[in-house]
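A.B. asks: sequence and predicted structure below; questions after.
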Amino acid sequence: MPEIEENWAAPDMTTRFYTHEACLEHDTGTHHPERIDRLRSVIAVLDDDRFAALDRHTPPKVARDRLELVHPAGYVEAVLAAIPESGHSYLDPDTVVSPGSGEAALRASGALVDAVDAVIAGKADNAFCAVRPPGHHAEPDRAMGFCLFNSVAVGAEHARNAHGMARAAVVDFDVHHGNGTQAMFWDEEGLFYASTHQFPFYPGTGAGDETGRHGNIANAPLAPGSGSDAFRQAFDQVVIPALDAFRPEIVFISAGFDAHERDPLAQINLVEEDYAWATDQLMAIAAVHAAGRVVSVLEGGYDLSALVASAATHVTRLMAAGDGDKA
């Protein structure tokens, strides 16, 4: 793999920031971990003056044919038909929907599509989509793990389908393995998925020998109690070499921050500096192969203080794009 210089430079970078008030209308109930306050808190910190340079956009609803790049039409119809007129319904024991959930999910995937268009057109160098519901557990025909539609997979397939990108990569550092993204990419030579995650753990996938039909899957499972050193070693030895060998033309990040040491759902014990470091590594590979094109989307993260600090750190690194101020 090429050497990643400590001070690789990409001047005058523009980071687009996508969010939509509809994503605050996806009501999962008072005690659900994937709650409205997660996104509200992220939006609040990114309204701070230090993020004034963000190029702020509200995403459109995704077109149905974009969803159908990764989900069968019947599944899309079934999910939208399951949205209740009042109260709450359950798509699985963990995945709650309310009257606002349909538009929220459509805006979430719409953010990825619009971000891809902007980054490939050169209107932005990279993008961060602060949206919900999250997406990486959604399989082609199954909602699960708080996820309805797999937004990052929609974005990756849109890059290939609409823009002729031959190779699109997703790197996922959420503490839970992105079983849905892996399932969608498994047979696709032009799609790459890499994940660091706690294992064994929900959803049960992500063993190191799950490599895809074309060797296009790279899993780096981490034992409970792992910390920064194990995480960085997994990135250095598994994720980055495989990503570099794939030579992506666009890089997506499933940015879940629930591997943080304060998160209540897992035990990987990362800190904000780990997310800064990982973001820098991915930006550097994107600079080598993808003209710096990176699109990141919020996935998990359930301790609000850890989520806010980690998301702010991640976006700071996207905005800096390797200005040498490494964490």
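C.D. replies: Everything's here; your move.
A.B. asks: then the longest strand that the chain contains to CSV, C-alphas only?
C.D. replies: Taking DSSP state E as the criterion, the chain has its longest strand at strand 191-198. Taking Å, rounded to 0.1, in the frame of the first residue of the first chain, the C-alpha atoms of strand 191-198 are listed here in CSV:
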residue,chain,number,x,y,z
LEU,A,191,-18.6,-2.7,-4.2
PHE,A,192,-16.3,-3.0,-1.2
TYR,A,193,-17.3,-3.2,2.5
ALA,A,194,-14.9,-3.1,5.5
SER,A,195,-15.9,-3.1,9.1
THR,A,196,-14.4,-2.9,12.6
HIS,A,197,-16.9,-4.0,15.2
GLN,A,198,-17.4,-5.9,18.4
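A.B. asks: avg pLDDT for it?
C.D. replies: Throughout strand 191-198, pLDDT has a mean value of 98.
A.B. asks: buried stuff in the longest helix along the chain?
C.D. replies: In the chain, with assignment by DSSP state H, the single longest helix is helix 101-121. For helix 101-121, the buried set under the neighbour-count rule, 16 or more other CB atoms under 10 Å, comprises 101-120. (C-beta placed from N, C-alpha, C; glycine too.)
A.B. asks: check stretch 246-266 too.
C.D. replies: 246, 248-263, 265-266.
A.B. asks: same question for stretch 281-296.
C.D. replies: Quick answer for stretch 281-296 (16+ other CB under 10 Å): 281-290, 292-296.
A.B. asks: out of those, which sit inside helices?
C.D. replies: Checked against DSSP H, these include these in helices: 281-289.
A.B. asks: contacts only, for the residue nearest to Thr19 when sequence neighbours are not counted.
C.D. replies: Counting by CB to CB, 6 or more residues apart in numbering, Thr19 lies nearest to Ala130, which is 4.4 Å off, once chain neighbours are set aside. Contact analysis of Ala130 by CB atoms under 8 Å, 6 or more residues apart in numbering lists 17-19, 23, 39, 42-43, 46, 298, 311.
A.B. asks: what do you get for Pro133?
C.D. replies: Taking CB under 8 Å, 6+ apart, one finds 26, 34, 101, 104-105, 108, 146-148 in contact with Pro133.
A.B. asks: contact partners for the nearest residue to Asp274 once chain neighbours are set aside?
C.D. replies: Residue nearest to Asp274 in three dimensions, not counting chain neighbours: Ser228, with 5.1 Å by CB to CB, 6+ apart. By CB under 8 Å, 6+ apart, the residues touching Ser228 are 269-271, 273-274.
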